[in-house]
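In: With the sequence up front, the predicted model follows.
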Amino acid sequence: MSGAKTLKELAGRLDVSITTVSRALSGDPAIALKTRERVAEAARKYGYVPNTAARALVSGRSGFVGLVLPIRGPHLVDSFLGEFVTGLGEGLVSRGSHLILATAPEGETELKVLRHLVESGRCDGVVVTRIAETDERVRYLTERGVPFVAHGQLIDDSTSYNWIDTDGARAFAEAFEMLYALGHRHFGLVTISEPMTFRHRRQDGLADAIARRGDPDVRLDVATAPRFDRPARIEAINRMLAAPERPTAIIGLFDDLALTVMEEATRAGLSIPGDLSVVGFDNILASAYAPPGLTTFDALIQQASRDIGQLVVEIIEQRPGEPRNKLIQPAFVSRASHGPAPETRTTRRN
């Protein structure tokens, strides 16, 4: 069986136009799904490999979407980014595009690397994640008119741009109400010092839920440390755990922080959840396996990033006039790290 080296040969074998084959291979939704599947199957069968350089010359597009990864520690990506990149790649491939990664080493800003990625023409659009309260990357991309989608929002919601986000405020309010119903009145929050929007919204969700209760017996202690400074994180957590009156329930801004709380609490001889309840956010893989199993909220990271990948390709191809926005509702994942407050347990036994 001879192959099909050119688009013309592949079109001839399928008895359709070259234009139809080209649009089908690029994932054009205007081409019927059955036709796209038929063309893709034929391309695999006959060993057709598209000439990306030629396609770029004709379309003016590279076929790539860019993402800048900051290197802030010994590992290239953390658990969150690992899931995010996986889902993003899947979303892009499903729309006929591919992911190009650029790294920003410590001491070099993400904006500098992003500028180089965009202005070199290596990508048709960009995805940005971990949005700051005021984010220079969003401002730059908006001013340049570069197609992009943000995973997250700015504090100033008057700026129009494309974003997909997870409703962390709602999750933290739900976490408080669940723990309050279990008798907890002394809460701890382990958070980060960086001015990230997700930090702001989650903390506001918790504060608003406490205010709505209006219970003078509710207390909230806060432990703060730089995101990538693990020794400072451990020190802040241990100060909270060693306090004369420590919280009976601690919420981590995200799972990595909550897991560190569990590690340090166990090291200090505390029982989870007998002495201390712990709740996280994200539902990274490790949260299911760290004993006794971390109660958390599933941020649906891969779903969100797949949606982002598909959306950024739509924006590149269609250039819609109005921004596209989507707020995903996280799902509560009940495991074994939360339970009744210690006082409540004692009361029940008596």
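Out: Right, received. Where do you want to start?
In: What's the first helix or strand after the worst-scoring helix or strand of the chain on mean pLDDT?
Out: Counting by mean pLDDT, DSSP states H and E, the weakest-scoring helix or strand in the chain turns out to be helix 52-59, with a mean of 50. Downstream of helix 52-59, the first helix or strand assigned by DSSP states H and E is strand 64-70.
In: thinking in terms of the whole chain, how far from its middle is the helix or strand just after that next one?
Out: Note on strand 64-70: by DSSP H and E, the next helix or strand toward the C-terminus is helix 79-93. Between the centre of helix 79-93 and the centre of its chain there are 9 Å (C-alpha atoms, centre = their mean, to the nearest Å).
In: same deal with stretch 125-142?
Out: 14 Å.
In: please renumber so the chain begins at 17
Out: Done: numbering now begins at 17, and the last item shifts to stretch 141-158.
In: any idea of the mean pLDDT in that stretch?
Out: The average pLDDT for stretch 141-158 rounds to 95.
In: now swap in stretch 332-339 and tell me
Out: Per-residue pLDDT over stretch 332-339 has a mean of 88.
In: Equivalent analysis for stretch 167-184, please.
Out: For stretch 167-184, the per-residue pLDDT averages 91.
In: Report the contact partners of the nearest residue to residue 278 once chain neighbours are set aside.
Out: Of all residues not flanking residue 278 in the chain, residue 294 sits nearest, at 5.4 Å (C-beta to C-beta, 6 or more residues apart in numbering). Every C-beta, even on glycine, is put in place using the N, C-alpha and C of the backbone. Counting by C-beta atoms under 8 Å, 6 or more residues apart in numbering, residue 294 makes contact with 265-268, 274, 277-278, 281, 288, 310-311, 353-354.
In: List phi and psi for the residue nearest the centre of the chain.
Out: Nearest residue to the geometric centre of the chain (C-alpha atoms, centre = their mean): residue 317, 4.8 Å. Backbone torsions for residue 317, taken as degrees, to the nearest 10, come to phi -60, psi -50.
In: Read off the pLDDT value for it.
Out: 94.
In: What's the local residue count around the residue lying closest to it once chain neighbours are set aside?
Out: Spatial nearest neighbour of residue 317, chain neighbours left out: residue 99 (4.3 Å); criterion: C-beta to C-beta, 6+ apart. Residues near residue 99, counting by other C-beta atoms under 10 Å, number 22.
In: so residue 99 sits right up against residue 303, yeah?
Out: No: between residue 99 and residue 303 there is no contact under C-beta atoms under 8 Å: 11.8 Å.
In: List the residues that contact the residue lying closest to residue 167 once chain neighbours are set aside.
Out: Of all residues not flanking residue 167 in the chain, residue 145 sits nearest, at 4.1 Å (C-beta to C-beta, 6+ apart). Residue 145 makes contacts with 83, 97, 100, 166, 167, 168, as judged by C-beta under 8 Å, 6+ apart.
In: And residue 145, its phi and psi?
Out: Per degrees, to the nearest 10, the backbone of residue 145 is at phi -130, psi 170.
In: Roughly how far does it sit from residue 119?
Out: 14 Å (C-beta to C-beta, to the nearest Å).
In: With residue 29 instead?
Out: Taking C-beta to C-beta, one finds residue 29 at 42 Å from residue 119.
In: Over to residue 165?
Out: 20 Å.
In: Give me the more crowded residue out of these two.
Out: The neighbour comparison of residue 165 against residue 119 (other C-beta under 10 Å) goes to residue 165, with 30 against 13.
In: Specify the beta-bridge partners of that one.
Out: residue 143 (DSSP bridges).
In: So it sits against residue 324, correct?
Out: Yes: counting by C-beta under 8 Å, residue 165 does reach residue 324; the two are 4.9 Å apart.
In: shared neighbours, these two?
Out: Joint contacts of residue 165 and residue 324 (C-beta under 8 Å, 6+ apart) are 143, 180.
In: re earlier: now, among the contacts of residue 294, which is nearest to residue 242?
Out: Minimum distance to residue 242 across these is 15.1 Å, recorded for residue 268 (C-beta to C-beta).
In: Could you look up the SS state of the nearest residue to the closest one once chain neighbours are set aside?
Out: With C-beta to C-beta, 6+ apart as the criterion, residue 268 has its nearest non-adjacent residue at 2.9 Å, and that residue is residue 274. Following DSSP: H, G, I helix; E, B strand; the rest coil, residue 274 is assigned to helix.
In: can you tell me how far residue 274 sits from residue 220?
Out: On the measure of C-beta to C-beta, residue 274 and residue 220 end up 19 Å apart.
In: Enumerate the beta-bridge partners assigned to residue 311.
Out: Under DSSP bridges, the beta-bridge partners of residue 311 are residue 295.
In: quick one: residue 239 and residue 340, what's the gap?
Out: From residue 239 to residue 340 the distance is 37 Å (C-beta to C-beta).
In: Next: residue 253.
Out: For residue 253 relative to residue 340 (C-beta to C-beta), the value is 39 Å.
In: what separates the helix or strand harbouring residue 216 from the chain centre, distance-wise?
Out: Assigned by DSSP H and E, residue 216 belongs to helix 213-229. Centre-to-centre, helix 213-229 and its host chain are 19 Å apart (C-alpha atoms, centre = their mean).
In: CA atoms of it as CSV?
Out: In CSV, the C-alpha atoms belonging to helix 213-229 read as follows (Å, rounded to 0.1, in the frame of the first residue of the first chain):
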residue,chain,number,x,y,z
THR,A,213,-5.9,36.7,43.1
PHE,A,214,-6.8,33.1,44.1
ARG,A,215,-5.4,33.8,47.5
HIS,A,216,-7.5,37.0,47.8
ARG,A,217,-10.7,35.3,46.7
ARG,A,218,-10.4,32.2,48.8
GLN,A,219,-9.6,34.2,51.9
ASP,A,220,-12.5,36.5,51.2
GLY,A,221,-14.8,33.5,50.8
LEU,A,222,-13.7,32.3,54.3
ALA,A,223,-14.0,35.8,55.9
ASP,A,224,-17.4,36.4,54.4
ALA,A,225,-18.7,33.1,55.7
ILE,A,226,-17.4,33.8,59.2
ALA,A,227,-19.0,37.3,59.1
ARG,A,228,-22.4,35.8,58.0
ARG,A,229,-22.4,33.5,61.0
